[in-house]
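S.K.: No sequence on hand, only this structure:
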């Protein structure tokens with residue numbers, strides 16, 4: 001069963017057979033039931049839950065059996081025909097598209113969304129980092145303050161889940177320390193996370209840290225200007 005489940009999941013979700021109109025309001029029902037055992041949940045489901053749409057048969061057991069038959073029909077008729085129509089060239093193009101174009105566009109959209117949120121919240125202009133800064137300092141954007149700059153790097157939260165995270169942190173820290181020494185300001189990593197259909201800042205506490213660093217540099221510039 002396990003090696004078949006991936007295709008069952010795809011079909012079940014694709015044709016929305018897991019929606020309330022077919023299987024009832026599952027989350028609402030199981031919270032109301034608060035079962036201690038699987039058997040308790042099964043008994044509650046079959047006796048108390050009904051689909052939002054048409055009931056196929058006289059009982060929920062008959063209904064689920066019919067849903068299973070419809071799922072099989074979709075897989076055996078429509079999905080099988082689609083699978084058989086896929087060529088080797090389709091697979092090659094798909095892999096390239098996912099790895100290259102979709103990854104790039106997703107990355108650009110993510111950075112653009114979080115970048116605009118940062119500009120709005122901080123009330124300052126963020127400039128795209130020059131290519132040489134991206135490579136040398138690992139920064140995506142910077143904030144110019146007098147003769148100094150604050151660096152901003154945007155990463156998805158999944159970046160922290162990469163193998164051996166201490167290695168990339170050490171590597172990042174070395175380049176960020178170099179930025180601070182040469183450009184006068186710290187580099188801040190802003191993590192992004194998906195929220196609904198958009199990306200938001202996952203570590204909002206970094207906003208205050210960036211504001212503090214901007215203020216520190218401004219005060220330092222004022223002191224140097226008065227000397």
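M.R.: Right, received. Where do you want to start? Since this is a predicted model, take the numbers as computed values, not measurements. Numbering: from 1, shown residues only.
S.K.: only C-alpha atoms for contact and neighbour calcs from this point on.
M.R.: Noted.
S.K.: quick one, domains of the chain?
M.R.: 2-85, 110-226 (automatic domain parsing).
S.K.: Quick one, which of these gets closest to residue 98.
M.R.: domain 110-226 (16.0 Å; Cα to Cα).
S.K.: Report the contact partners of the residue nearest the centre of the chain.
M.R.: The centroid of the chain falls nearest to residue 194 when counting by Cα atoms, centre = their mean (4.0 Å). Residue 194 sits next to residue 200 when contact means Cα atoms under 8 Å, 6 or more residues apart in numbering.
S.K.: Quickly note the distance from it to residue 119.
M.R.: Per Cα to Cα, to the nearest Å, residue 194 is found 19 Å from residue 119.
S.K.: again with residue 83
M.R.: 46 Å.
S.K.: picking that back up, now the domains of the chain as a markdown table including distance to residue 104 and mean pLDDT?
M.R.: Converted to a markdown table, those look like this (distance: least, Cα to Cα, whole Å; pLDDT from 0 to 100):
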| stretch | distance to residue 104 | mean pLDDT |
| --- | --- | --- |
| domain 2-85 | 25 | 88 |
| domain 110-226 | 10 | 84 |
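S.K.: Of these, flag the one that's most buried.
M.R.: domain 110-226 (a mean of 16; mean count of other Cα atoms under 10 Å).
S.K.: what about residue 189, helix or strand, and which?
M.R.: In the assignment (DSSP states H and E), residue 189 maps to strand 187-195.
S.K.: Output the longest helix belonging to the protein.
M.R.: Taking DSSP state H as the criterion, the chain has its longest helix at helix 205-226.
S.K.: Strands of this structure, residue ranges please.
M.R.: 127-128, 141-145, 148-156, 187-195, 198-201 (DSSP state E).
S.K.: Many thanks, I have nothing further to ask.
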